[in-house]
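**Student:** Here is a sequence with its predicted model. Questions after.
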Amino acid sequence: MSAASLAGLFRARSVALVGATERSIWSTAAFANFERLGFAGKVHPVSRKGGTVHGLPAATSCAAIGKPVDAALLMVPEQAIAEAFADLNAAGIRHAVVLTSGFAEVGAEGALRQEALLAAARAQGVTLLGPNCLGFINYADRVPIWTTQPPMPVLQGGSIGVVSQSGATAGFIAGFAHRQGIGLSYQVSTGNEADVNVARVVDFLVEDPATKVIGLFLETVHDAPLLAAAARRALAADKPIVAIKIGASETAARAAEAHTGSLVGDDRVFEAVCRQLGIIRVSCIEDLVFTAALLARTGHLRDRRLGLVSISGGICEMAADHAETAGVAVPRLAEPTRAALREILPAFGTPNNPLDVTGGAMLDASLFARSLPAFGGDPSLGLLACFMDLPDTPEEIAGYRGEIVRQIGKGFAAAGKPAVMLSVMARPVQEPGRALLAETGISYLGSGVLHGLGAIGRAFAWAERQERGLPAAPPAPAPAPERPASEHATLAYLGGRGVPVVPLTLARSAAEAVRAAAALGGPAVLKIASPDIAHKSDIGGVLLNLEGEAAVAEGFGRIMASVRAAKPEARIEGILVGPMRRDAGIELFVGVLRDPLWGPAIAVGLGGIWVEALRDTAIRLLPVTPAEVLEMLSELRGAKLLDGYRGTPGIDRRKAAEAVASIGDAALALGPDLLSLEVNPLRATTAGAEALDALAIWKGES
C-alpha cells in the first residue's frame, strides 16, 4: 500500500502548482524544472487571481481545472494550507508536496498545525510529502516536483536514489554527484516527514527497477521498524544502502544507575543497526557519493582481492597504505604473473602489487594496454584499480593524456575482470572527460586515493555482509509470568531461561550464611541482597574468598554494618552466599536496553571495572542468535583477550555466545516494562560461561 501510494506521487503524469506566481522564486524554479527535465505530462498553474502564470492559463482552484490531476505542489502560506487541502479534496487529488514551512520545525504551536495537516491528509486519503520540503525529482521517469534548479544537463541512466530529510543537503549531494559525472535515479527531500518519511521512500526504492543503490541523509529516524524491514529487503535484493546519519547524543530514556544507557546511546544503536542490517554508514557527502557510484557501476564484487596500478611508485605506496587502512587485501603476485610482467615492463620496472608501470608509459602509453591483462590475469586478484586523472579539455584528450586513458581502457577490457580508474586527487569530471569515458567504457571515480580506496573497502565489506545474509528470526520467547525485583530473583529467572548462573543461597542470618558456605565445600563469596542497591562493592557490600565458619560469620556482620551505615533507607533481603571461582576466566558485561526508536538492544563487552574504563562494547538489536553474538565478540577491541593472551587461557566463545543470546531472549520475555537488564559479570572460561551478578530495572524505578 505504501509503495503504491508513492508510485502515484513519484510517477505523476499531471501536476497542479498551487500558489503559482511569477513573483516567487520557488514557483518560477518549479515550473522551469518541468521543461528542464522534459516532463511529458500536464502542468496546471493554480492561482486565486486566475489569468496567465508562467505562460499558461491559471485555474482559480484545483477543482476548477476540470481534469483529473495526479499530484499537487502546495506553495501557499501556512495560513492558507487548510483551504488548499479542502480544494485538493474537491478536485480528487490524492498526492501532495508541501513546500510551505511554519510547522513542527518552529516549535510546539507549529507541531499542532502539522498534526492538523496530517489529520486532513489522512481524512482525505492524500499521500503527503513534507511540509517544509523542496520536493522530489524522479530522473528515471522525468518527473520533477522540485522547487530549486537542479544541476544540468541531466545525466542519463543514473541509478542512485538519494533520500534526505534536509532539502538543501539533497541538493548538495545531487550537485556533487553531477560534478563527478554521477547520475541519480531519484532525489527526494522529506522535510518534516508528517506522512512520507525516509523509511517509506527506501521501502519504495527497494522495488524501483531504475535504482541500484540507495543513498540516505538522516537527522533522525521516524519509523525505525519500517526502515529496518526495508533494509532487510534491500540486503536480500542485493541493493546497497549508503547512509549519513548525523547526531551522536545519548539516548534519552536511560536506566538510572545502569551502565547500559551510557554505553549504548542512540548513535551507537544506529551504528549497530547498520552492522546488523548491512547499511553502509559514511560520514561525509564525498564518501556517500563515491561509495554509491562504485557499487552502482561494479555491482556485487564476489572476489574481493585488489590489484593496484599506477604510473607513480609513490602513489602505489600511498595506495597500499590506504588499502590496508580500509581493510582491503592486496595480494602478492604469483611467479608466472611476475615473469609475464618482466617481459613487458622496462628493465627498471618491478613486477609487484601495487604495480608501478613506470614513467615509461609517458613515452609508450601501450604499456598500460599490455601490462594490465598480464597483471589482471593473476589468479589472486578480483578487482583492478588504476590511478590516473581524467583529462579535462579537448586538447588534453587529443594528446598523450587522452591516449593513456584509451590504453587503460584497452587493458581493462582485455583483463576480463572488474576494474575501476581512480583519480590521484579528488577532482570534478568535465563534459569532455565524460565523452572519453563513454568512448573507452571505463568506470571512473574522480575520488582521489583516500576516498576511492575507502569506497572499495566499503564495497567489499558490504558484499561480504550480503553474502552472509540475515539469520532467520528465532521464535518469540514465552512471556515471563512475573518480573524479578532483586538480584537473586533475576539470577533465578535467568537460570530458568537457559542462562548458566552461579548457584546462590539467600541467607538472612550469620548462621544461615555459615551453613550455606559449608555446603559449598570451598571458599565463599558474600554479597548484599537488596533491590535498592545496584553497585554493592562501592559500599562494602561484597566480600570475596571467605573460608571457615568464623570468617563467614564475621563477614556477614561486616557487610550488614557497612551497608546499613551507607544506605540506611535501603531494603535488605539478606546476604547471598555463593562459591568463589578461582580458576582463570574473563569477565564479560552483557546489557539490554530498550532504545526509544529501535526497541530492545543488547551490548556485550569486557566486564567488571573494564566496562566503564574502556567502554568497549558491541551492540545489536534483539533478538540475536549465537552466530551474531560471535560477530559481536570479534568486534571488541579487546577480542584478543578472549583467545588467551600472554599465557592466560582463552574462553569458549561458542558457549559464551549461547549464554549471551539466552540473556537477550530472557530480556525480551520480560516485556516492554523492562528498562534495562544487566549481567555484569558474565564469567567466561574455557569450559563455558556463568552469570555472577544481574540487575533488572523497570519503568518507573529510579
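**Tutor:** Cool, the structure landed.

**Student:** CA only for contacts and neighbour counts going forward, please
**Tutor:** Fine.

**Student:** Can you list the residue ranges for strands in the stretch 1-150 of the chain?
**Tutor:** Remark: strands assigned in the stretch 1-150 of the chain by DSSP state E, counting those that start in this stretch are 14-18, 42-46, 52-53, 56-57, 71-74, 95-98, 127-129, 135-138, 143-146.

**Student:** Residues contacting the third one, please?
**Tutor:** The reference is to strand 52-53. The contact list for strand 52-53 (CA atoms under 8 Å, 6 or more residues apart in numbering) reads 20-22, 45, 58.

**Student:** Apply 6 Å and report the result again.
**Tutor:** residue 58 (CA atoms under 6 Å, 6 or more residues apart in numbering).

**Student:** Please apply the same query to the last one.
**Tutor:** Applying CA under 6 Å, 6+ apart, the external contacts of strand 143-146 come out as 30, 39, 134-137.

**Student:** Just checking, which helix or strand succeeds it along the chain?
**Tutor:** Later in the chain than strand 143-146, the nearest helix or strand by DSSP states H and E is strand 160-164.

**Student:** Please name every helix or strand in contact with that following strand.
**Tutor:** Counting contacts by 3 or more CA pairs under 6 Å, 6 or more residues apart in numbering; DSSP states H and E, strand 160-164 packs against strand 184-189, strand 213-218.

**Student:** Of the ones you listed, which stretch is the most buried?
**Tutor:** Of all the helices and strands packed on strand 160-164, strand 184-189 carries the top mean neighbour count, a mean of 28, counting by mean count of other CA atoms under 10 Å.

**Student:** Packing partners of that one?
**Tutor:** Here strand 184-189 touches strand 135-138, strand 160-164, going by 3+ CA pairs under 6 Å, 6+ apart.

**Student:** rerun at 10 Å
**Tutor:** Counting contacts by 3 or more CA pairs under 10 Å, 6 or more residues apart in numbering; DSSP states H and E, strand 184-189 is packed against strand 135-138, strand 143-146, strand 160-164, helix 167-179, helix 198-206, strand 213-218.

**Student:** quick check: angle from that strand to strand 160-164?
**Tutor:** Counting by axes from the mean of the first three to the mean of the last three CA atoms, to 10 degrees, strand 184-189 lies at 10 degrees to strand 160-164.

**Student:** For the contacts of strand 143-146, name the two members farthest from one another.
**Tutor:** The distance between the two most remote of the contacts of strand 143-146 (CA to CA) is 17.8 Å, for 39 and 134.

**Student:** Of these two, which one has the most company?
**Tutor:** Neighbours per residue (other CA atoms under 10 Å) separate residue 39 from residue 134, with residue 134 holding more: 29 against 18.

**Student:** residues in contact with the more buried one?
**Tutor:** The contact partners of residue 134, taken as CA atoms under 10 Å, 6 or more residues apart in numbering, are 26, 30, 73, 97-100, 145-148, 165-168, 170-171, 188-191.

**Student:** again, but for residue 415
**Tutor:** 369-378, 384, 409 are the contacts of residue 415 under CA under 10 Å, 6+ apart.

**Student:** Just the buried ones among those residues, please.
**Tutor:** 369-378, 384, 409 (16 or more other CA atoms under 10 Å).

**Student:** re earlier: now mean neighbour count and distance to residue 573 too, for the strands of the stretch 1-150 of the chain, in TSV please.
**Tutor:** As requested, these are exported to TSV (neighbours: other CA atoms under 10 Å; distance: least, CA to CA, whole Å):
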stretch	mean neighbour count	distance to residue 573
strand 14-18	24	70
strand 42-46	22	74
strand 52-53	18	80
strand 56-57	13	82
strand 71-74	27	65
strand 95-98	25	61
strand 127-129	25	57
strand 135-138	24	62
strand 143-146	27	66
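
**Student:** could you dump those to TSV with distance to residue 332?
**Tutor:** Output for those, formatted as TSV (distance: least, CA to CA, whole Å):
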stretch	distance to residue 332
strand 14-18	59
strand 42-46	60
strand 52-53	67
strand 56-57	67
strand 71-74	58
strand 95-98	55
strand 127-129	53
strand 135-138	45
strand 143-146	50
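
**Student:** Reformat those strands into JSON lines and put mean pLDDT next to each item.
**Tutor:** Conversion of the strands of the stretch 1-150 of the chain to JSON lines gives the following (pLDDT from 0 to 100):
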{"stretch": "strand 14-18", "mean pLDDT": "98"}
{"stretch": "strand 42-46", "mean pLDDT": "98"}
{"stretch": "strand 52-53", "mean pLDDT": "96"}
{"stretch": "strand 56-57", "mean pLDDT": "97"}
{"stretch": "strand 71-74", "mean pLDDT": "98"}
{"stretch": "strand 95-98", "mean pLDDT": "98"}
{"stretch": "strand 127-129", "mean pLDDT": "97"}
{"stretch": "strand 135-138", "mean pLDDT": "98"}
{"stretch": "strand 143-146", "mean pLDDT": "98"}
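
**Student:** any idea which of the contacts of strand 143-146 is the one closest to residue 5?
**Tutor:** residue 136 (14.8 Å).

**Student:** How about the contacts made by the nearest residue in space to the closest one that is not next to it in sequence?
**Tutor:** Nearest non-adjacent residue to residue 136, counting by CA to CA, 6 or more residues apart in numbering: residue 188, 4.3 Å away. By CA under 10 Å, 6+ apart, the residues touching residue 188 are 10, 129, 133-138, 145-146, 161-167, 170-171, 198, 201, 216.
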